[in-house]
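# turn this into a model:
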Amino acid sequence: MIDLGVRVEFYEQVIEGEPSKGFLGSAERTEGYRAAAVPAVGTRLMAASLRVADRESAVPLPGPNQLPVRFVEHHLVPERDGAVPSWWDSYTEPSATIVLHVSLGTSRGGELLQRMVRQFVADGWMVSGPEESELWEYGLQAREELGRS
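The predicted structure follows:
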């Protein structure tokens, strides 16, 4: 099994095969998911795989049940003489982060988006966005409620 990071980027408009428009923010978890292989760009990921709460109380991601992988970011670790060099101050194991794009569309604002952001934050995701944006505000509020900085 391969450990994966996942970043869900939220946009005003997402059309498959075209650049997404109107970046609104993102939710990222650099660890916590396992896969049989690193999904390639274009591979469809089941949105339910990203569930961050039990089925009964979860607020699902808006959009289709299958999300295409838009990007794969590989995080390499240098090796010198069979070991990670002492000057390397980052992670010690290679990893990959897959990037998904989701259109918030009519899901913007309101209680459902706040609940979804709170679920992500409670599950260890970092939610961010442009300063003073909805996602930035909701992420900040959720971290304060959960006692996280």
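# can you give me the end-to-end span of stretch 62-78?
Stretch 62-78 has an end-to-end distance of 38 Å (CA to CA, to the nearest Å).
# can you show me the strands along the protein?
In order along the chain, the chain carries the following strands (DSSP state E): 2-13, 21-35, 44-46, 66-75, 95-103, 126-128.
# so of those, which one's packed in deepest?
strand 95-103 (a mean of 20; mean count of other CB atoms under 10 Å). (C-beta placed from N, C-alpha, C; glycine too.)
# okay, that strand in PDB with CA atoms only?
In PDB, the C-alpha atoms belonging to strand 95-103 read as follows (Å, rounded to 0.1, in the frame of the first residue of the first chain):
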ATOM      1  CA  SER A  95       5.300  10.700  -0.800                       C
ATOM      2  CA  ALA A  96       2.800  11.900  -3.300                       C
ATOM      3  CA  THR A  97      -0.200  14.200  -3.100                       C
ATOM      4  CA  ILE A  98      -3.100  14.000  -5.500                       C
ATOM      5  CA  VAL A  99      -5.000  17.200  -6.300                       C
ATOM      6  CA  LEU A 100      -8.700  17.200  -7.000                       C
ATOM      7  CA  HIS A 101     -10.800  20.100  -8.200                       C
ATOM      8  CA  VAL A 102     -14.400  20.600  -6.900                       C
ATOM      9  CA  SER A 103     -16.800  23.300  -8.000                       C
END
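# still on that earlier bit, Trp87 is nearest to which of the strands of the chain?
When the strands of the chain are compared by CB to CB, strand 66-75 sits nearest Trp87, at 17.0 Å.
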